[in-house]
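Chemist: Dropping the sequence and predicted coords here.
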Amino acid sequence: MSIPYRASISGMLFHVWIRRIAALSGFGLVGSVACAASIAVQVVDAAGGPVADSAVYAEPASGQPAPKPQRTAEIEQKARKFLPLVTVVQTGSEISFPNHDTVRHHVYSFSPAKMFELKLYAGIPASPVLFDKPGTVVVGCNIHDQMLAYIHIVDTPYFAKTDAAGKARLEGLAPGKYRLKAWHFNLANGAPIPEQDINLTGSGTAASFKLDLKAAAVNN
Ligand SMILES: [Cu+2]
């Protein structure tokens with residue numbers, strides 16, 4: 001809503017223009033790597049129902065993942081909630097925490113993967129927070145106990161988050177062997193992250209996970 005009408009229109013035109021350039025030149029913007037493949041993933045719970053907000057990611061089985069530009073992310077505070085509830089980023093990414101409420105928040109985490117604190121603030125903090133270790137970071141607010149967010153940091157550029165139908169798609173992978181994982185914040189504490197080996201050939205494959213989740217205890 002804060003984007004001026006004129007700016008959003010020119011933004012749309014810019015996207016159309018970029019797409020046209022991409023189409024004319026015969027290259028996709030992201031998929032310009034030859035033979036890039038995809039993995040379509042379905043995540044369900046023990047009863048077979050779709051699991052949303054699951055982090056799905058593929059770690060190359062050998063060697064380092066191809067370096068990719070780090071994507072930055074944003075977790076906003078709005079109506080005394082963190083949005084989104086779950087964020088997935090590659091190790092080394094920065095996340096900003098803009099406060100769009102009229103009340104101040106005090107954002108913190110005690111998780112070993114990243115202990116940090118953004119002391120009572122309004123508006124946009126001066127600098128984003130760097131997440132430089134893989135793992136799960138549970139974020140809270142010191143003032144509003146019900147506020148909760150999860151960050152899952154992964155050592156690969158190939159990740160996605162499942163939608164309401166429990167589906168996610170990993171794109172732009174080179175053919176080869178991968179370890180495919182599916183994390184969810186309601187996995188039992190200390191339970192290993194479910195994984196499966198994938199041998200990716202051709203243009204892509206499909207995979208599914210059945211997660212054993214504890215009862216949802218989310219206040220969002
Ligand atoms: Cu708060």
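Modeler: It's in.
Chemist: So what are the structural domains in this structure, by residue number?
Modeler: 1-32, 35-65+161-220, 67-155 (automatic domain parsing).
Chemist: Those domains into a markdown table, with extra columns for mean neighbour count, distance to the ion and mean pLDDT?
Modeler: C-beta here means a position set from N, CA and C on the backbone, and glycine is covered the same way. Compiled in a markdown table, those are given as follows (neighbours: other CB atoms under 10 Å; distance: least, CB to the ion, whole Å; pLDDT from 0 to 100):
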| stretch | mean neighbour count | distance to the ion | mean pLDDT |
| --- | --- | --- | --- |
| domain 1-32 | 10 | 21 | 42 |
| domain 35-65+161-220 | 16 | 13 | 91 |
| domain 67-155 | 16 | 3 | 95 |
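Chemist: State the distance from the residue nearest to His152 when sequence neighbours are not counted to Ala160.
Modeler: Closest residue in space to His152, ignoring its immediate chain neighbours: Ala55 at 4.3 Å, by CB to CB, 6 or more residues apart in numbering. With distances taken as CB to CB, to the nearest Å, Ala55 is found 8 Å from Ala160.
Chemist: again, but for Ala47
Modeler: 23 Å.
Chemist: Quick check: nearest residue in space to Leu213, chain neighbours excluded?
Modeler: Leu213 sits nearest to Asn186 (CB to CB, 6+ apart), 4.1 Å away.
Chemist: now the residue nearest in space to the middle of the chain, which residues is it bridged with?
Modeler: With distances taken as CA atoms, centre = their mean, the residue of the chain nearest its centroid is Val88 (2.4 Å). Beta bridges link Val88 to His152, judged by DSSP bridges.
Chemist: which residues touch it?
Modeler: The contact partners of Val88, by CB atoms under 8 Å, 6 or more residues apart in numbering, come to 55, 57, 151-154, 159-161.
Chemist: a markdown table for these, including distance to Arg169?
Modeler: Shown next, in a markdown table, are the contacts of Val88 (distance: CB to CB, whole Å):
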| residue | distance to Arg169 |
| --- | --- |
| Ala55 | 13 |
| Tyr57 | 12 |
| Ile151 | 21 |
| His152 | 17 |
| Ile153 | 20 |
| Val154 | 16 |
| Phe159 | 11 |
| Ala160 | 6 |
| Lys161 | 10 |
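Chemist: quick check, nearest of the residues you listed to His105?
Modeler: Nearest to His105 among the contacts of Val88, counting by CB to CB, is Ile151 at 16.0 Å.
Chemist: residue contacts, the residue lying closest to that closest one once chain neighbours are set aside?
Modeler: Of all residues not flanking Ile151 in the chain, Val137 sits nearest, at 4.2 Å (CB to CB, 6+ apart). Going by CB under 8 Å, 6+ apart, Val137 touches 109, 111, 113-114, 131, 150-153.
Chemist: Am I right that Val137 is in a helix?
Modeler: No. Applying DSSP: H, G, I helix; E, B strand; the rest coil, one finds Val137 to be strand, outside a helix.
Chemist: now it: how far from Val129?
Modeler: For Val137, the distance to Val129 - CB to CB - is 9 Å.
Chemist: so what sits against both of the two?
Modeler: What both Val137 and Val129 touch, as defined by CB under 8 Å, 6+ apart, is the set Lys114.
Chemist: Isn't Thr136 up against Ser111?
Modeler: Yes. Contact status for Thr136 versus Ser111: in contact at 6.5 Å, counting by CB atoms under 8 Å.
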